[in-house]
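Undergrad: coords please:
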Amino acid sequence: MAKHLSYDIYDIDLSKVVDDSDLKMLLLQTTSKSIIVAEDLDRFISSNSNYVSSNSNYSRVTLSGILNFVDGILNSCCGDEKLMVFTMNSKDNIDSAILRPGRIDVHIHFPLCSFNSFRLLANNCLGTRNKAWSV
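TA: All right, here's what the predicted structure looks like:
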């Protein structure tokens, strides 16, 4: 996606974010025409108040901080052409305020990838049509 759009990619590691202010500063440091990726949002949000980061400090990022972070793309970054991508294993534990249209507009479910699905993806993205595929 980034290559196709010629966008920069920013990978936000939520386990390393100290507090809401830190999260906001990360957003303000991104450039225009960028994709901001936050992985495993469900793991972070579902245990938000007692999430332990890799350095054993408790993260103080709140649900409100996450909402402000997502809304910050619309409010403070208008015209900058920024996309935000969240990955999660399940939407079940995510607060509906985050999932509502206007914050997260597109939901794409990626089931486990079969060999045929992978082959089609590789053909479409990498142009591997002429190479022999064997199981």
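Undergrad: so where's the protein shaky on pLDDT?
TA: Residue ranges of the chain with pLDDT under 70: 46-59, 73-79, 129-135.
Undergrad: what segments of it are strands?
TA: Ranges of strands in the chain, per DSSP state E, are 8-12, 34-38, 82-86.
Undergrad: outside of the first one, which residues touch it?
TA: Same thing as strand 8-12. Here strand 8-12 makes contact (C-beta atoms under 8 Å, 6 or more residues apart in numbering) with Ala2, Leu23, Leu26, Thr30, Thr31, Lys33, Ser34, Ile35, Ile36, Val37, Ala38, Glu39. C-beta: built from backbone N, CA, C; applies to glycine.
Undergrad: narrow the residues you listed to just the buried residues.
TA: When the contacts of strand 8-12 are checked for burial by 16 or more other C-beta atoms under 10 Å, the buried set is Leu23, Leu26, Thr30, Ser34, Ile35, Ile36, Val37, Ala38.
Undergrad: how about JSON lines for those residues, with distance to Thr62 added?
TA: Converted to JSON lines, the buried ones among the contacts of strand 8-12 look like this (distance: C-beta to C-beta, whole Å):
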{"residue": "Leu23", "distance to Thr62": "10"}
{"residue": "Leu26", "distance to Thr62": "15"}
{"residue": "Thr30", "distance to Thr62": "21"}
{"residue": "Ser34", "distance to Thr62": "24"}
{"residue": "Ile35", "distance to Thr62": "24"}
{"residue": "Ile36", "distance to Thr62": "19"}
{"residue": "Val37", "distance to Thr62": "21"}
{"residue": "Ala38", "distance to Thr62": "15"}
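Undergrad: which one of the residues you listed is nearest Phe118?
TA: Val37 (21.3 Å; C-beta to C-beta).
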